[in-house]
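Asks: Sequence and predicted structure below; questions after.
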Amino acid sequence: MIASALLGLLLLVQIPATAAERFFVGRTAGSGTIRIALAGQHGFRARSVGRLDRSGALVLDQVVEEEGKAARRRTWRLVRSGANRISGTLSDARGPVSGEIAGRVLSLRYTPAEGGSVDQRITFHPNGRTAENRMTIRRFGVPVATVEETIRRID
C-alpha cells in the first residue's frame, strides 16, 4: 500500500534530467503517516537506494517499515516514455505504473497487488534535498486511505 518514494523516478540518459530524476539516484529516507478510513492512523518509514541500470531506467530498491507489520522490500523500475511521461513497474503492483512530470511535481498511478488504485503526487522542494509525497488509495473509486510522507536525500 505504501509507495515511498518514489516512489518514484525515471531517467533516460538522452532526455535532460529534471529535479525529480536527480532526487532518487542515491540513498533516500522517508517517514510519514498512513490514515485509513474507519481504522485510524499509524506511522511508517522507508529507506531507498536508486541507480540507473544499463538501459537508462531508474531502479529504486526500497525497504518499507509500517508500524505493526513486518518490513517489506519492493522495487520500482521507471523509464521516460516521452518528454514528460513515465512508465514502469513496481514489484508489489498489479500491472504497469504510469505517470507524468510537471515542473517539480511527479504524479504516478498504479494498481496495488491487493486491488484498488493509487494516485501519488511527489513534490520536490527547490533545495533538491527534500520532497513531499501524498498518496490516495481508492477502492471502487472511494478514497479509503491517504499517505503523507517527507522524503530526504541522504547522499
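Replies: Arrived safely, thanks for sending.
Asks: And the residue lying farthest from the centre of the chain, what's its pLDDT?
Replies: What lies farthest from the middle of the chain is residue 38; by C-alpha atoms, centre = their mean that is 24.8 Å. If you check residue 38, the pLDDT there is 91.
Asks: And residue 103, by the same measure?
Replies: For residue 103, the pLDDT comes out at 88.
Asks: For residue 72, give the beta-bridge partners.
Replies: Beta-bridge partners of residue 72, counted by DSSP bridges, are residue 64.
Asks: Quick one: low-confidence residue ranges for this protein.
Replies: The model of the chain has pLDDT under 70 over residues 1-21.
Asks: quick one on the thing from earlier: can you verify the residue farthest from the centre of the chain is assigned to a strand?
Replies: No: assigned with DSSP: H, G, I helix; E, B strand; the rest coil, residue 38 falls outside any strand and is coil.
Asks: distance of it from residue 138?
Replies: 15 Å (C-beta to C-beta, to the nearest Å). From N, CA and C alone the C-beta is placed, and that goes for glycine too.
Asks: Break down the protein into its helices, ranges please.
Replies: 19-23 (DSSP state H).
Asks: how about the strands in it?
Replies: Listed in chain order, the strands found in the chain under DSSP state E are 26-36, 40-52, 58-66, 72-80, 85-90, 97-102, 105-110, 117-124, 130-139, 142-153.
Asks: Now tabulate these in CSV and tack on mean neighbour count.
Replies: CSV is the format used below for the strands of the chain (neighbours: other C-beta atoms under 10 Å):
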stretch, mean neighbour count
strand 26-36, 17
strand 40-52, 17
strand 58-66, 20
strand 72-80, 20
strand 85-90, 20
strand 97-102, 18
strand 105-110, 21
strand 117-124, 20
strand 130-139, 18
strand 142-153, 17
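Asks: Quick check: chain neighbours aside, which residue is closest to residue 111?
Replies: Leaving aside its chain neighbours, residue 111 sits nearest to residue 94 (4.6 Å; criterion: C-beta to C-beta, 6 or more residues apart in numbering).
Asks: Does the one you found touch residue 116 like I think?
Replies: No: using C-beta atoms under 8 Å, residue 94 makes no contact with residue 116, being 9.8 Å away.
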